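J.: Need a 3D model of the following:
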Amino acid sequence: VQLQASGGGLVQPGGSLRLSCAVSGFTLQYYTIAWFRQAPGKEREGVSCSGTDGSTYYADSVKGRFTISRDNAKNTAYLQMNSLKSEDTAAYYCATDTICSLYAADFASWGQGTLVTVSS
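T.: Predicted coordinates for the structure are as follows:
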């Protein structure tokens, strides 16, 4: 099982970024996929989760600004981030398991992080 997150970078406040999570070693269609983030000195927090039934969940802090999606044919998940704020600055991680959750302890498989910096 491998997950490869990409798409991070430096963006100004109010800008947008799209993160990608390419998975291999399993079929994404049958698993949940979630995004977490961790800012320096802070605990890892759940951002969004996509269930196998099309359900989606978001942290209150990103509702209305972030959108999670998946392309099962490409075995890839995405996190579209709009109206970015300085407090969104963090390393973003994708994770997969069988149950959708925003709790890091519920996920066994993780990708490496991709850094998002929101600054003017």
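J.: okay, which residue is most central for this protein?
T.: residue 35 (2.5 Å; C-alpha atoms, centre = their mean).
J.: The residue nearest to it when sequence neighbours are not counted and residue 91, how far apart?
T.: In this structure, residue 35 finds its nearest non-sequential neighbour in residue 47, 4.4 Å apart by C-beta to C-beta, 6 or more residues apart in numbering. The C-beta positions use only the backbone N, C-alpha and C, and glycine is treated the same way. Per C-beta to C-beta, to the nearest Å, residue 47 is found 12 Å from residue 91.
J.: neighbour count winner among these two?
T.: For residue 47 versus residue 91, neighbours defined as other C-beta atoms under 10 Å are more numerous around residue 47 (25 against 18).
J.: The more buried one and residue 66 touch, don't they?
T.: Yes. Residue 47 is within contact range of residue 66, at 6.6 Å (criterion: C-beta atoms under 8 Å).
J.: Need the overlap of contacts for these two.
T.: 58, 79 (C-beta atoms under 8 Å, 6 or more residues apart in numbering).
J.: What segments of this structure are helices?
T.: Read by DSSP state H, the chain holds no helices at all.
J.: and the helix or strand of the chain with the lowest mean pLDDT, what does it pack onto?
T.: The least trusted helix or strand in the chain, going by mean pLDDT, DSSP states H and E, turns out to be strand 109-110, with a mean of 92. Contacts defined by 3 or more C-beta pairs under 8 Å, 6 or more residues apart in numbering; DSSP states H and E place strand 109-110 against strand 90-97.
J.: Parallel or antiparallel, list what pairs with the strand it packs on.
T.: With DSSP bridges as the test, strand 90-97 is paired with strand 32-38 (antiparallel), strand 109-110 (antiparallel), strand 114-118 (antiparallel).
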